[in-house]
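>>> Quick one, structure for this:
(one chain, ligands or ions: 3)
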Amino acid sequence: ESRALAAKMADTLDKVAAMLREKMSELGKLDSYAGDGDHGTGMQRGSENAASAARKLLNEGAGAGTLLAGAGEAWSATAGGTSGALWGVILGAAGQGVGDADVPSAEKVAEIVDEVTTTLQQVGAAEEGDKTMLDALLPFTRALKDYVGQGNLAESWNKAATVAAGAAQQTADLSPRIGRARPLAEKSVGHADPGAVSLAYVLATIGEDL
Ligand code: ADP
Ligand code: MG
Ligand code: MG
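Ligands and ions are numbered 1, 2, ... in the order given. Down below sits the predicted model:
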């Protein structure tokens, strides 16, 4: 069962990589107002290498948790940048939560997402409102917890992903309090946080595949 889930995750990672290739210049532009402009290329490179690592692990017989952890290692090793390291943390924590034994229920998925969010917050030491990917991830996590149980996993996930997309756009009003965009903070106001926008895109792509 975990092997079937692993196969599905490898397919989803391919779709995430293809989507991020399409969004590469948009994300790079968002990161250019106050950041260093590398968010599009970093996300593209990280996700492509993560997808390749996942495919290799799948062919070697890996379960879902091992596949996610290996994909996260490849992402952080190749993407560069703060977001590359943090995406490694996200996938690593997700892999630990999912494990290689049983396919998690919808409720368990919501719990795992909560654990991933807590881990990301511990590692990155950002708070809500600092204008980071957390400003999309925290609303997503809360919404998923609320929606799960009202429908199947795909329905709950997609409703929560819509919340994340709205929250990512709302970061345009914020001024960055952490990360590379902080020194030019005022230039960032009026533009959404690149990491929040890309996270919302990834959540939507995952949802299409559930
Ligand atoms: P870098 O800033 O190192 O060039 P990227 O451009 O790839 O890396 O990623 C920038 C994004 O990383 C930001 O838009 C923000 O969402 C996210 N980010 C930066 N610092 C943190 C942090 N401490 N916690 C969570 N997310 C962060
Ligand atoms: Mg950058
Ligand atoms: Mg950079």
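>>> close enough to count as contact, Ala192 and Thr171?
Yes. Ala192 is in contact with Thr171 according to CB atoms under 8 Å; the separation is 5.0 Å. Glycine gets a C-beta too; all of them are placed from N, C-alpha and C.
>>> Need the contact partners of stretch 70-88.
Stretch 70-88 has contacts (CB atoms under 8 Å, 6 or more residues apart in numbering) with 13, 38-39, 42-43, 45-47, 49-54, 56-57, 62, 89-92, 94-95, 120, 123-124, 133, 179-180, 194-195, 198.
>>> Quick one: buried ones out of those?
Among those, those scoring as buried are 13, 38-39, 42-43, 45-47, 49-54, 57, 62, 89-92, 94-95, 120, 124, 133, 179-180, 194-195, 198 (criterion: 16 or more other CB atoms under 10 Å).
>>> least trustworthy helix or strand in the chain by mean pLDDT?
helix 185-188 (a mean of 94; mean pLDDT, DSSP states H and E).
>>> mean confidence for the helix or strand following that helix?
Counting by DSSP states H and E, the next helix or strand C-terminal to helix 185-188 is helix 194-209. On average, the pLDDT along helix 194-209 is 98.
>>> Give me the helices and strands touching helix 194-209, please.
helix 2-22, helix 24-30, helix 39-59, helix 81-98, helix 134-147, helix 153-170 (3 or more CB pairs under 8 Å, 6 or more residues apart in numbering; DSSP states H and E).
>>> For those, give me TSV that also has distance to ligand 2 and mean pLDDT.
Formatted as TSV, those follow (distance: least, CB to the ion, whole Å; pLDDT from 0 to 100):
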stretch	distance to ligand 2	mean pLDDT
helix 2-22	14	97
helix 24-30	9	98
helix 39-59	5	98
helix 81-98	5	98
helix 134-147	16	98
helix 153-170	16	98
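>>> Tell me which of those approaches Ala106 most closely.
With CB to CB, the closest approach to Ala106 among those belongs to helix 153-170: 4.0 Å.
>>> Report the spatially nearest residue to whichever residue of the chain sits closest to ligand 1, omitting neighbours in sequence.
Residue nearest to ligand 1 within the chain: Gly195 (2.0 Å; CB to the nearest ligand atom). Closest residue to Gly195 apart from its sequence neighbours, by CB to CB, 6 or more residues apart in numbering: Met133 at 3.8 Å.
>>> Then Ala62?
Ala6 (5.9 Å).
>>> which bits of the chain sit near ligand 1?
31, 35-36, 38-39, 42, 81-83, 86, 124-126, 132-134, 178-180, 193-196 (CB under 6 Å from any ligand atom).
>>> quick revisit: distance of the residue of the chain closest to ligand 1 from ligand 2?
9 Å (CB to the ion, to the nearest Å).
>>> same thing with Val197?
13 Å.
>>> what sits against that residue?
Contacts of Val197 by CB under 8 Å, 6+ apart are 27, 30, 136, 168-169, 171.
>>> Apply 6 Å and report the result again.
Ala168 (CB atoms under 6 Å, 6 or more residues apart in numbering).
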